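J.: What shape does this take:
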Amino acid sequence: DMFRRPADPPEHSGLYALPAASLLSCLLLSCLLLPGEGGGLHPALASTSYLISAAACLAAIACLAKQSTAGTGNALGLFGVAGGIATCLLSSHMSPPAAAGVLAMLGAGGLVGQQVASRTALTELPQMTAAYHSLVGLAAAATAAASVMVP
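T.: Residues are numbered from 1 along each chain as shown. Below is the predicted model of the structure:
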């Protein structure tokens, strides 16, 4: 780790996964035990999960303002985005082929992002930020095109 000194106390970053695992487990269990109309996630639980995920994303932005809390910000951001994606997938009533397509595109996007990150040195953070923002723009354009093609 580039920013850790040998005398720094150990970090227990893996514990940040516990709230995320709890939320995702509750979402999956609620789909099985308390499904909404037509199956999937109950609308009230979806709204609650979206609220929790959005709050985690906002807290992540606040934590990223200081170097001392940036690690917490990264964990909160991952938690918020994972919760939002899981809630969207579980409440969307997609057919299995459509869900497979969505998961394939998520995987492809993750692979492209990992490739961009692995080719960008840590000292080139502005370029990496620009590269990721261009991927966000590409995703927005693809979403707009899909909404026009499939109303």
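J.: I'd say Y50 and T87 touch.
T.: Yes: if you go by CB atoms under 8 Å, Y50 and T87 touch, sitting 5.6 Å apart. Any C-beta I mention is one placed from the backbone N, CA and C, and that applies to glycine too.
J.: Between these two, point out the one with more neighbours.
T.: T87 (23 against 16; other CB atoms under 10 Å).
J.: Name all residues that make contact with the spatially closest residue to the more buried one that is not a sequence neighbour.
T.: Among residues not flanking T87 along the chain, S49 sits closest, at 4.2 Å (CB to CB, 6 or more residues apart in numbering). For S49, the contact set (CB atoms under 8 Å, 6 or more residues apart in numbering) comprises 23, 27, 41, 83-84, 86-87.
J.: Can you show me the helices along this structure?
T.: Taking DSSP state H, the helices of the chain run over residues 17-33, 43-63, 70-91, 96-119, 125-149.
J.: and among the ones you listed, the most buried is which?
T.: Greatest average neighbour count among the helices of the chain goes to helix 70-91 (a mean of 19), per mean count of other CB atoms under 10 Å.
J.: Centre of the chain to that helix, how far?
T.: 4 Å (CA atoms, centre = their mean, to the nearest Å).
J.: cool, and stretch 112-130?
T.: 18 Å.
J.: For it, give the mean pLDDT please.
T.: Stretch 112-130 comes out with an average pLDDT of 82.
J.: now stretch 6-14
T.: Stretch 6-14 comes out at a mean pLDDT of 82.
J.: what's the answer for stretch 34-46, then?
T.: Summarised as a single mean, pLDDT over stretch 34-46 is 82.
J.: quick one on the thing from earlier: A7 is nearest to which of the helices of the chain?
T.: helix 70-91 (17.4 Å; CB to CB).
J.: Check which helices and strands that closest one sits against.
T.: helix 17-33, helix 43-63, helix 96-119 (3 or more CB pairs under 8 Å, 6 or more residues apart in numbering; DSSP states H and E).
J.: With only the CA atoms kept, save the first one in CSV.
T.: When you say that, I think you mean helix 17-33. Only the C-alpha atoms of helix 17-33 are listed here, as CSV (Å, rounded to 0.1, in the frame of the first residue of the first chain):
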residue,chain,number,x,y,z
ALA,A,17,-18.4,-5.8,3.7
LEU,A,18,-20.7,-6.8,6.6
PRO,A,19,-23.3,-4.0,6.1
ALA,A,20,-23.3,-4.6,2.4
ALA,A,21,-23.7,-8.4,2.8
SER,A,22,-26.6,-7.7,5.3
LEU,A,23,-28.4,-5.4,2.9
LEU,A,24,-28.0,-7.8,0.0
SER,A,25,-29.1,-10.8,2.1
CYS,A,26,-32.1,-9.0,3.3
LEU,A,27,-33.1,-8.0,-0.2
LEU,A,28,-32.8,-11.6,-1.5
LEU,A,29,-34.7,-13.0,1.5
SER,A,30,-37.4,-10.4,1.1
CYS,A,31,-37.8,-11.4,-2.6
LEU,A,32,-38.4,-15.0,-1.4
LEU,A,33,-40.5,-14.4,1.7
